[in-house]
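[1] sequence plus the predicted model coming up.
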Amino acid sequence: MDRPRTIDEFETNDLLEAVDDLDTIRNILADGPNLEPPQLRIDLMKLHKLAMRVCKEGEDDSSELVELAIDIEDQLEEIRDASNHIIKVLRGITEADTDDEEDELDEDW
């Protein structure tokens with residue numbers, strides 16, 4: 001997706017892709033049934049519990065801790081990537097030249 005130089009060049013289908021990206025984020029952060037917190041929050045709390053056992057109580061096996069941390073990191077990277085794509089799409093609008101008068105004034109200088 002190239003940044004349009006003018007608003008007329010903006011590809012509106014990119015906005016539909018941004019909606020898909022937002023749905024990806026929603027699926028990760030959505031509340032569970034009966035307004036249960038998102039699974040990501042539950043996993044972070046579980047990670048804290050595991051970290052307490054390994055770091056504070058001296059438990060030797062950290063494999064579950066590391067595996068869960070990797071899973072959470074993957075989800076957060078997915079959120080970051082989707083968010084970055086949405087921002088890129090929006091910048092296609094906000095950074096496009098939308099004021100023809102301003103362009104004419106620039107040409108006079």
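    Done, it's in.

[2] assign a three-state SS to the closest residue to residue 15 other than its chain neighbours, would you?
    In this structure, residue 15 finds its nearest non-sequential neighbour in residue 89, 6.2 Å apart by C-beta to C-beta, 6 or more residues apart in numbering. Glycine gets a C-beta too; all of them are placed from N, C-alpha and C. State at residue 89, reduced to three classes by DSSP: H, G, I helix; E, B strand; the rest coil: helix.

[3] residue 89 contacts residue 14, correct?
    Yes - Residue 89 is within contact range of residue 14, at 4.6 Å (criterion: C-beta atoms under 8 Å).

[4] okay, those two: which has more neighbours?
    Comparing residue 89 with residue 14 by other C-beta atoms under 10 Å, the one with more neighbours is residue 89, at 21 against 17.

[5] residues contacting that one?
    Contact partners of residue 89, counting by C-beta atoms under 8 Å, 6 or more residues apart in numbering, are 1, 14, 15, 17, 18.

[6] same check, this time on residue 5
    Taking C-beta under 8 Å, 6+ apart as the definition of contact, the neighbours of residue 5 are 96, 97.

[7] and the pLDDT at residue 59?
    The predicted structure scores residue 59 at 87 on the pLDDT scale.

[8] find the nearest non-adjacent residue to it, please.
    residue 53 (4.4 Å).

[9] isn't that neighbour right next to residue 60, touching?
    No - with contacts counted by C-beta under 8 Å, residue 53 stays clear of residue 60, the gap being 10.0 Å.

[10] in terms of neighbours, single out the busier of the two.
    residue 53 (16 against 7).

[11] any idea how far residue 18 is from that one?
    41 Å (C-beta to C-beta, to the nearest Å).

[12] hmm, residue 32 and residue 39 touching each other?
    Yes - between residue 39 and residue 32 there is a contact under C-beta under 8 Å: 6.9 Å.
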